[in-house]
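starting from these lines, generate the structure:
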Amino acid sequence: MGHDIVGYNKAGIEIAYARFNMWNDNATILYTLLDAEHYNAGVSGSGNSSTFSVQQIEKALKNYKNFFPHGDISLLKNDSSTWDQKQILHFIENCFSTAQKEGSVRVLFC
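Numbering: from 1, shown residues only. Purely as a prediction, here's the structure:
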């Protein structure tokens with residue numbers, strides 16, 4: 001069990017992936033940034049998906065930068081929290097890039 005959060009483009013191709021084990025509280029950060037807490041089923045995602053607009057993903061990226069104001073500096077560390085922080089940032093950035101090109105991105109929460 002764990003949280004597998006996957007972003008897809010309109011063609012159904014995976015463009016972003018984040019993985020958290022079931023005991024990793026950092027998964028809740030990504031759910032919160034995406035305003036998708038209702039997809040968090042505790043030890044895993046709910047199995048449902050949602051389509052996010054450019055504006056929603058842009059808001060998640062802005063919220064990430066507010067939540068981790070010194071993200072660039074702290075990403076140089078090599079602990080698991082920092083790894084998760086980097087994983088979250090890459091996920092949101094990849095979703096944002098796709099949403100900008102296609103107008104939206106679909107995210108699956110497993």
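
tell me how far Ile15 lies from Met22.
As defined by Cβ to Cβ, to the nearest Å, Ile15 lies at a distance of 25 Å from Met22. (Glycine included, C-beta is placed from N, CA and C.)

who has more neighbours, those two?
Of the pair Ile15 and Met22, Ile15 is the one with more neighbours under other Cβ atoms under 10 Å, namely 19 against 11.

now that one: how far from Met1?
On the measure of Cβ to Cβ, Ile15 and Met1 end up 24 Å apart.

worst mean pLDDT across the helices and strands of the protein, which element?
When the helices and strands of the chain are scored by mean pLDDT, DSSP states H and E, helix 71-74 comes last with a mean of 49.

for the protein, give me the ranges with low pLDDT.
70-81 (pLDDT under 70).

going by neighbour count, list what's buried in the helix ranked longest in the chain.
Longest helix of the chain, by residue count under DSSP state H: helix 80-102. Across helix 80-102, burial judged by 16 or more other Cβ atoms under 10 Å covers 84-89, 91-92, 94-99.

which residues sit against the helix or strand where Ile15 lies?
Using DSSP states H and E, Ile15 sits within strand 14-21. With contacts defined as Cβ atoms under 8 Å, 6 or more residues apart in numbering, strand 14-21 is touched by 1-9, 26-27, 30, 84, 87-88, 90-92, 94-95, 97-98, 105, 107.
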